[in-house]
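Peer 1: Quick one, structure for this:
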Amino acid sequence: MTDLIEALAVPRADAGTGHVRVGDPVSRIDGRAKVTGQARYAAEVQVDDPASPLVYGVVVNSTIARGRITGFALDASLAVPGVLDILTHANKPKTRSAGLFYKDMTAPGGTPFKPLHDAQIAYSGQPVALVVAESFEAARHAASLVRVEYAVEPHDTRLLANLHRGRKPSRLKAGYSPPPAEKGDARAAFNAAPVKIEAEYHSGVEHHNPMELFASTVIRGADGHLTIYDKTQSSQNSRWYVSRVFGLSKDRVTVRNPYVGGAFGSGLRPQYQLPLAVMAALKLERSVRVVLTRQQMFSFGHRPETQQRIGLAAERDGTLRAIRHHAVAETSRFEDYVEVVVNWSGQLYRCDNIRLGYQVVSLDQYSPMDMRAPGAAHGVHALEVAMDELSYALDMDPLALRLKNYAERNPMDDLPYSTKELRACYLQGAERFGWAARPLAPRSMKQGSEWVGWGMATGTWDAMQMFARASAVLHADGRLVVSSAATDIGTGTYTVMAQIAAAAMGLPLEQVSFQLGDSTLPVAPIEGGSSHVTTVGSAVEGVCEKLQRRLFGMARAMPGTALRKVAFEEMEFVDGTLRRAVDPSGAIRLVDVLAHARAARIEEKYLMLPHVFKQRKYLRATHSAVFCEVRVDELLGTVRVTRVVSAVAAGRIINAKTARSQVSGAVVWGISQALHEETLTDHRLGRFMNHNLSEYHVAVNADIHDIDVIFVQEDDRIVSRLGAKGVGEIGIVGVAAAVCNAIFHATGRRVRSTPMTPDKVMAP
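Peer 2: You can find the predicted model right below:
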């Protein structure tokens with residue numbers, strides 16, 4: 001296990017970190033490795049094999065959106081010095097043909113895309129060839145010379161022109177729940193209510209743009225074993241995929257991802273560079289690296305374009321009488337990608353009549369994929385903008401409207417919440433922001449040439465827990481190594497898991513290492529849905545408790561001990577010792593316990609299983625309240641978000657520093673979603689056009705000002721034994737809606753589509 005630590009370059013805390021508690025604001029233990037360049041990502045792993053040097057693959061993508069390949073012109077490419085081979089559907093190594101073998105652990109219903117499977121073109125940008133050469137430069141040049149002949153077929157990539165084709169999707173996707181049955185009679189209640197609003201809301205396509213490009217380095221051993229460094233949110237999911245697609249025993253494939261440079265959904269599923277790199281390695285019997293370009297990062301999944309219609313009806317005092325929410329989203333022709341878009345409208349506010357609907361439209365595009373807070377980021381957005389519109393129709397403060405309809409139990413099924421401190425989020429966030437000073441009427445505040453507006457919105461996300469295993473080894477010198485095949489996409493997994501273990505065992509953080517990012521480690525779920533802390537963190541605490549009990553038993557066997565009549569529950573592990581909580585003077589050092597037993601190390605394993613029967617009796621969710629100030633230039637329509645207060649209830653916070661970083665980063669992304677991010681399609685070509693960071697706009701430093709994060713006290717032992725819920729997704733939900741609502745308060749103009757660009761803000 002020590003060898004594995006060195007092989008993966010597992011980060012250790014700097015000397016002097018000392019003892020920590022759960023909740024402390026501990027700095028990232030992998031921070032130094034990242035800022036000094038010691039951290040190696042999938043495209044940077046060194047391959048030292050003089051007998052078989054690393055070769056490089058460059059992908060060639062289709063230029064049409066639908067049709068068939070009728071031929072290749074490859075002579076010019078093959079003539080480039082250093083080119084070894086060009087893989088196409090006609091000469092690739094054998095892969096399984098059944099779609100079932102291409103399904104990864106998060107695949108939706110349908111048949112997954114199968115790279116280089118046949119001559120059929122399903123979307124623009126589809127990989128059609130892989131050029132392999134002795135150098136990256138040769139492969140790139142040769143790839144530019146590949147010519148492909150096509151038989152073009154008609155395509156359609158227009159969602160808004162095909163809403164009439166909306167259909168009920170397959171529900172076969174992990175984490176997806178279809179909309180529940182109607183509660184009450186929403187149509188009749190809507191028609192009878194004295195105050196109502198109804199509007200349509202549009203969300204454009206967004207693409208992930210993590211700093212790290214997708215890459216796979218396949219190292220072929222002399223015995224044929226494949227060690228793959230892959231950009232992924234689950235090493236075990238990638239191993240599962242490769243083993244099944246190529247018919248390889250899992251013992252012949254190891255996948256590692258010790259460092260991941262951002263993902264937030266883009267790495268949940270294996271992307272096409274992975275099977276292409278494996279194909280080349282198997283065919284050439286060489287180690288191969290394939291790295292996608294920034295433009296190719298736009299040639300697989302994205303946040304789906306979505307059209308929503310919401311109707312809200314209320315009494316004149318603000319009491320909600322009806323909620324109607326229907327959404328239509330795009331999917332590919334080969335899979336039914338689905339998200340939970342409308343269900344949130346049945347969870348947030350007390351109402352007796354609720355009708356929810358969700359459909360998909362199949363288009364000639366690649367399947368969409370999860371992007372931070374999938375479904376909620378635009379589903380809650382539409383609901384919260386609609387709530388703001390209703391507040392103006394009622395001449396009522398937007399926060400007062402939400403408090404008026406605050407739900408103490410889940411409105412759809414009357415289940416209690418495991419914990420819900422949303423009311424405290426509203427009150428603490430409003431006080432910090434100064435909401436009480438907000439004038440009710442739009443266009444009431446102005447500074448210079450800018451209109452000033454204040455808006456707010458609610459956020460919610462699932463509090464999930466899956467199953468995981470963890471192992472822990474305590475060495476005779478006091479070093480603790482805890483392991484699970486978890487992933488750190490920059491969110492702080494290394495740090496938080498080590499912190500949980502160090503706090504449990506009473507050891508200094510610098511003596512604790514957490515191993516992750518290797519498919520041979522104990523099973524862990526895919527890193528997604530804000531479930532890693534609740535799941536893997538609970539497994540870490542569980543295995544540490546087993547170590548504690550083992551050490552307690554060993555200590556009771558020591559001569560002269562006073563622990564023989566002491567119960568385990570009376571013990572505490574502090575400062576590298578175990579001792580009775582009521583009598584610290586009798587502390588025994590952990591290293592002395594192992595020394596007495598002449599044990600070089602002790603090891604425990606733990607399987608963490610959710611208490612499903614207990615959890616199903618509750619609605620488990622995180623909540624937030626987002627308050628936002630914008631300034632809108634009266635002549636140009638440019639929007640500046642000058643202040644954001646985000647009050648979050650996410651259970652027990654394990655690391656105050658990394659958690660605050662997560663929420664702050666999510667707020668930045670929410671501002672980017674609100675004002676900047678949209679991938680534009682030329683429907684004549686069926687192709688995304690702004691596929692680079694110069695034209696796909698994201699928020700930059702100049703766009704970001706004051707962000708204040710409040711963690712409302714909450715402790716949820718229903719969701720996890722740690723009391724935690726997870727903070728990765730909740731931070732983005734509601735941010736774009738708060739921005740939209742602030743723009744209306746500033747200008748009196750309602751923008752019902754994202755991004756809210758100046759042309760929309762200035763529209764009459």
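
Peer 1: doesn't A133 make contact with G82?
Peer 2: Yes. Counting by C-beta atoms under 8 Å, a contact exists between G82 and A133, whose distance comes to 4.6 Å. Where C-beta positions appear, they are placed from N, C-alpha and C, glycine not excepted.

Peer 1: any residues in contact with both of those two?
Peer 2: Listed contacts common to G82 and A133 are A139; contacts here mean C-beta atoms under 8 Å, 6 or more residues apart in numbering.

Peer 1: More neighbours: which of those two?
Peer 2: Between G82 and A133, counting by other C-beta atoms under 10 Å, A133 is the more crowded of the two (24 against 16).

Peer 1: what sits against the more buried one?
Peer 2: Remark: with contacts taken as C-beta under 8 Å, 6+ apart, A133 is in contact with 55-56, 58, 80, 82-84, 139, 142.

Peer 1: in its sheet, what does the helix or strand hosting T217 sit against?
Peer 2: Under the criterion of DSSP states H and E, T217 resides in strand 215-220. When pairs are called by DSSP bridges, strand 215-220 turns out to pair with strand 226-230 (antiparallel), strand 288-291 (antiparallel).

Peer 1: Out of those, which is closest to I323?
Peer 2: Between I323 and these, the shortest separation by C-beta to C-beta is 42.9 Å, and it involves strand 226-230.

Peer 1: For that closest one, output the C-alpha coordinates as CSV.
Peer 2: C-alpha atoms of strand 226-230 as CSV (Å, rounded to 0.1, in the frame of the first residue of the first chain):
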residue,chain,number,x,y,z
LEU,A,226,-3.2,-1.8,-19.6
THR,A,227,-2.7,0.9,-17.1
ILE,A,228,-4.8,3.8,-18.1
TYR,A,229,-4.6,7.4,-16.8
ASP,A,230,-8.0,8.9,-17.7
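
Peer 1: thinking again about what came up before, can you list the strands paired with strand 215-220 in TSV and add distance to T254?
Peer 2: Shown next, in TSV, are these (distance: least, C-beta to C-beta, whole Å):
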stretch	distance to T254
strand 226-230	5
strand 288-291	16
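
Peer 1: And those: which comes nearest D708?
Peer 2: Taking C-beta to C-beta as the criterion, D708 comes closest to strand 226-230 out of these, the separation being 37.5 Å.

Peer 1: quick check: mean pLDDT across that closest one?
Peer 2: Average pLDDT, strand 226-230: 98.

Peer 1: ok, now stretch 317-335?
Peer 2: Averaged across stretch 317-335, the pLDDT comes to 98.

Peer 1: just stretch 578-587 next, same as before
Peer 2: Averaging pLDDT residue by residue across stretch 578-587 gives 92.

Peer 1: do stretch 249-262 as well
Peer 2: If you average the pLDDT values across stretch 249-262, you get 96.

Peer 1: Pull out the buried residues from that stretch.
Peer 2: Residues of stretch 249-262 classed as buried by neighbour count (16 or more other C-beta atoms under 10 Å): 253-262.

Peer 1: and what of stretch 753-764?
Peer 2: For stretch 753-764, by 16+ other C-beta under 10 Å, it's 754-757, 760-762.

Peer 1: Which of these lies at the shortest distance from S124?
Peer 2: Of all those, P755 has the smallest distance to S124: 22.7 Å, by C-beta to C-beta.

Peer 1: Confirm for me that that closest one is in contact with H676.
Peer 2: Yes. Judged on C-beta under 8 Å, P755 makes contact with H676 at a distance of 5.5 Å.

Peer 1: before we move on, the earlier item: want to throw the strands paired with strand 215-220 into CSV with mean neighbour count?
Peer 2: What follows is those, written out as CSV (neighbours: other C-beta atoms under 10 Å):
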stretch, mean neighbour count
strand 226-230, 25
strand 288-291, 26
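
Peer 1: who wins for proximity to A393 among those strands?
Peer 2: It is, among those and with distance given as C-beta to C-beta, strand 226-230, at 51.4 Å.

Peer 1: ok now that closest one, how far from the chain's centre?
Peer 2: Counting by C-alpha atoms, centre = their mean, to the nearest Å, strand 226-230 is centred 22 Å from the centre of its parent chain.

Peer 1: Now do the next helix or strand after that strand and strand 215-220, the angle between them.
Peer 2: With elements assigned by DSSP H and E, the helix or strand that comes after strand 226-230 is helix 235-246. In this structure, helix 235-246 runs at an angle of 70 degrees to strand 215-220, with axes from the mean of the first three to the mean of the last three C-alpha atoms, to 10 degrees as the basis.

Peer 1: What is the following helix or strand past helix 235-246 packed up against?
Peer 2: The helix or strand immediately downstream of helix 235-246 is strand 253-256, counting by DSSP H and E. Contacts defined by 3 or more C-beta pairs under 8 Å, 6 or more residues apart in numbering; DSSP states H and E place strand 253-256 against strand 226-230, helix 235-246.

Peer 1: right, and the helix or strand after strand 253-256?
Peer 2: On the C-terminal side of strand 253-256, the closest following helix or strand by DSSP H and E is helix 273-284.

Peer 1: can you give me the angle that next one makes with helix 235-246?
Peer 2: For the pair helix 273-284 and helix 235-246, the angle between their directions (the same axes, to 10 degrees) equals 50 degrees.
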